[in-house]
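Q: sequence-free structure coming up:
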């Protein structure tokens, strides 16, 4: 099991429904990259489905072939991850060993190598394409220095590891929110944060030639950098900060920033940011006109786009609901607000 729904994903973002091979080829080429396609089972009627959505530098698509096909690509320009939803697919990156992707196992492809895929009849995959430049930049931010050699992932992804399961949770969030009319993928600040979670999560979940350095203890963050990070958050909490952009702003690695916040404040930088934003929402609601103010608008202005999670976090911090603050009820004693 992948943790993703075992049904058609991203149904609200159809790209192609093709019974013609040329039409299918054009749609997949347009969405991902040039490739060739050979139908291996002419007895089964050809039928391809492609749904896809783009979130910043990440393209996520549900791709299904009813009949067995063989796909081949030239050297890829970006990183790709194929996660089977149903069925199996034999996949190979360059001259490496084949990956027999199926339940619990995905395939990873790196730039600069061709790919070969033997797609079983009825197999459907969630196919991710991640911009090479953005992924390499995220790795540099995590390390706090330029890359000395190209990033190379292990081509087989074990989806049962705790890190992989956490990463799949982010993918499930993307798939769920992409299907909502007011989902977070439609808000630039939330979409930027989701992109960062997907890219950073892949770097940490999938073994690669930088894994040792990514998981090694980070050098202590200089106190002045930590103070500057707090100032930035306090001064401009409404900006779409992520751990990566905040680390870049204060010139430290992401891991150093995270460990510094954990050491001094007992929580990650994004949790600190959320706390500041909750306080700004509270302060605004406390003086707002109940007749001319909507809680959703105030929350969204400070980066809270999921009403249920916002309300839960607000009540945990202040001991009252946002609506109670708007109508003049003060925070309860004993809360951290």
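A: Okay, I see it. Keep in mind that this is a model prediction, so the values were computed, not measured. Numbers count the residues shown, from 1 in each chain.
Q: next, the buried residues of stretch 98-118.
A: 99, 101-102, 105-111, 113, 115, 117-118 (16 or more other CB atoms under 10 Å). All C-beta atoms are positioned from the backbone trio N, CA, C, and that covers glycine.
Q: just give me the closest of those to residue 87.
A: When those are compared for distance to residue 87 (CB to CB), residue 102 comes out closest, at 7.4 Å.
Q: what distance do you get for the closest one to residue 92?
A: Distance of residue 102 to residue 92, given as CB to CB, to the nearest Å: 15 Å.
Q: just residue 245 next, same as before
A: For residue 245, the distance to residue 92 under the criterion CB to CB works out to 36 Å.
Q: those two - which one has more neighbours?
A: Set side by side, residue 245 and residue 92 give different neighbour counts by other CB atoms under 10 Å, the larger being at residue 92 (19 against 16).
Q: ranges for the strands of the stretch 51-200 of the chain?
A: Remark: strands of the stretch 51-200 of the chain, listed N- to C-terminal, are 58-65, 69-73, 79-86, 89-93, 99-101, 105-109, 115-119, 124-130, 156-158; assignment by DSSP state E, counting those that start in this stretch.
Q: residue 147: which of these is closest?
A: Going through the strands of the stretch 51-200 of the chain one by one, with CB to CB as the measure, strand 79-86 comes closest at 13.8 Å.
Q: per-residue confidence at the closest residue to residue 288 other than its chain neighbours?
A: Leaving aside its chain neighbours, residue 288 sits nearest to residue 326 (6.1 Å; criterion: CB to CB, 6 or more residues apart in numbering). Note on residue 326: pLDDT of 92.
Q: point out where this structure drops to low pLDDT.
A: Of all residues in the chain, those with pLDDT under 70 make up the ranges 1-3, 331-337.
Q: what segments of it are helices?
A: With DSSP state H applied, the chain shows helices at 21-31, 132-143, 162-178, 188-205, 211-215, 223-235, 243-250, 254-265, 269-287, 295-301, 307-318, 322-326, listed in chain order.
Q: could you break this protein into its assigned domains?
A: Domains of the chain are assigned by automatic domain parsing as 1-216, 272-326.
Q: tabulate those domains (JSON lines), appending distance to residue 256.
A: JSON lines is the format used below for the domains of the chain (distance: least, CB to CB, whole Å):
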{"stretch": "domain 1-216", "distance to residue 256": "6"}
{"stretch": "domain 272-326", "distance to residue 256": "15"}
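Q: so who does residue 110 touch?
A: 76, 79, 93, 150, 151, 152, 153, 155 (CB atoms under 8 Å, 6 or more residues apart in numbering).
Q: identify the farthest-apart pair in the residues you listed.
A: Checking those with CB to CB, the most distant pair is 150 and 155, at 14.6 Å.
Q: can you give me the end-to-end distance of stretch 298-318?
A: End-to-end distance for stretch 298-318: 16 Å, by CA to CA, to the nearest Å.
Q: for that stretch, buried residues please.
A: Of the residues in stretch 298-318, those with enough neighbours to count as buried (16+ other CB under 10 Å) are 298-300, 302-306, 310-311, 313-314, 317-318.
Q: can you tell me what sits against it?
A: Counting by CB under 8 Å, 6+ apart, residues outside stretch 298-318 touching it are 182, 184, 187, 189-190, 237-238, 240, 274-275, 277-278, 280-282, 284-285, 288, 296, 321-322, 325, 331-332, 335-337.
Q: can you flag the buried ones in those residues?
A: Applying 16+ other CB under 10 Å to these, the neighbour count classes 184, 187, 189-190, 237, 274-275, 277-278, 280-282, 284-285, 288, 322, 325, 331, 337 as buried.
Q: with adjacent residues omitted, what lies nearest to residue 258?
A: Closest residue to residue 258 apart from its sequence neighbours, by CB to CB, 6+ apart: residue 268 at 5.6 Å.
Q: isn't the one you found up against residue 243?
A: Yes. Under the criterion of CB atoms under 8 Å, residue 268 is in contact with residue 243, at a separation of 7.3 Å.
Q: any common contacting residues for these two?
A: Counting by CB under 8 Å, 6+ apart, the contacts common to residue 268 and residue 243 are residue 258.
Q: ok, those two, which is more surrounded?
A: A direct count of neighbours by other CB under 10 Å for residue 268 and residue 243 places residue 243 higher, at 22 against 15.
Q: no more questions from me, cheers.
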